[in-house]
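>>> Give me coordinates for this.
(chains A and B)
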Amino acid sequence: DTGVSQNPRHKITKRGQNVTFRCDPISEHNRLYWYRQTLGQGPEFLTYFQNEAQLEKSRLLSDRFSAERPKGSFSTLEIQRTEQGDSAMYLCASSFRLNTGELFFGEGSRLTVL
Amino acid sequence: TQLLEQSPQFLSIQEGENLTVYCNSSSVFSSLQWYRQEPGEGPVLLVTVVTGGEVKKLKRLTFQFGDARKDSSLHITAAQPGDTGLYLCAGAVGGGTSYGKLTFGQGTILTVHP
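Below is the predicted model:
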């Protein structure tokens, strides 16, 4: 299957720990997006990359959040010193630059901070 | 900040009934997309509309983009239990690099009873 792959699918951690999520986009897609979705809400844009360049990161929720896409392929989203309010589904999506914005989402990584 | 208001938030109907979901904003969007999301999964794109007044049909689903590109509707004819899910509208402002930076509505949870 060549869809967007995210792991881990579920992560339970204690407050104060660091967590990292990985996203492998569809191979020919050069744009990669991170969104966050809390219960009962629609996804909220966090950041995105075109190839290895991070084109916007102002929507990252705090300086505890960081994302990388070092070789323009897979990406990681790291949350340092997790807080209970970070509990959410973290969604990755990819797209091809020249299309009209169709996003292909992965199945998400659900984070629970105890 | 662009906001998208979806209504209703919850919809519970019997198989065979028709329904309409609305997505409204005070902002103008360059394109608007509708996604369907099942529990524990990422959103899946249903349609993209880009022209004011545009109507698109996908089997029993009809999507309309308002003339002013500030609102949209999704109409389902003869709903089936397989239509059950969370329906999300999402708008993009601008073009080019802005595609993919979507503002999502809070979603409409649709339940179709057999």
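>>> Who are the contact partners of residue A:12?
Shown here is residue A:12, whose contacts under the criterion CB atoms under 8 Å, 6 or more residues apart in numbering or on different chains are A:112, A:114. For glycine as for every other residue, the C-beta is placed from the backbone atoms N, C-alpha and C.
>>> mind redoing it with 6 Å?
residue A:112 (CB atoms under 6 Å, 6 or more residues apart in numbering or on different chains).
>>> and it, what are its bridge partners?
Assessed by DSSP bridges, residue A:12 has beta-bridge partners residue A:112.
>>> Distance check, it against chain B.
Using CB to the nearest CB, to the nearest Å, residue A:12 is found at 15 Å from chain B.
>>> Could you do residue A:41 as well?
5 Å.
>>> Residue A:18 too?
If you measure residue A:18 against chain B using CB to the nearest CB, the figure is 24 Å.
>>> residues in contact with that residue?
Taking CB under 6 Å, 6+ apart as the definition of contact, the neighbours of residue A:18 are residue A:80.
>>> how does it look with 7 Å?
Taking CB atoms under 7 Å, 6 or more residues apart in numbering or on different chains as the contact definition, residue A:18 lies against A:78, A:79, A:80.
>>> How about residue B:7?
Taking CB under 7 Å, 6+ apart, one finds residue B:22 in contact with residue B:7.
>>> all strands of chain A, in order?
Counting by DSSP state E, chain A has these strands, from start to end: A:5-7, A:10-13, A:19-24, A:31-37, A:44-50, A:53-56, A:65-68, A:75-79, A:88-95, A:104-105, A:109-113.
>>> re earlier: can you select the buried ones from the contacts of residue A:18 in PyMOL?
In PyMOL, the members of the contacts of residue A:18 classed as buried (16 or more other CB atoms under 10 Å in any protein chain shown) are selected with the following command:
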select buried, chain A and resi 79
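>>> hang on, the earlier thing: can you tell me which of the strands of chain A the model trusts least?
When the strands of chain A are ranked by mean pLDDT, strand A:53-56 comes last with a mean of 87.
>>> on that earlier part again, the strands of chain A into a markdown table, with extra columns for distance to residue B:93?
Formatted as a markdown table, the entries for the strands of chain A read as follows, by distance: least, CB to CB, whole Å:
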| stretch | distance to residue B:93 |
| --- | --- |
| strand A:5-7 | 26 |
| strand A:10-13 | 32 |
| strand A:19-24 | 24 |
| strand A:31-37 | 15 |
| strand A:44-50 | 11 |
| strand A:53-56 | 13 |
| strand A:65-68 | 22 |
| strand A:75-79 | 24 |
| strand A:88-95 | 16 |
| strand A:104-105 | 20 |
| strand A:109-113 | 27 |
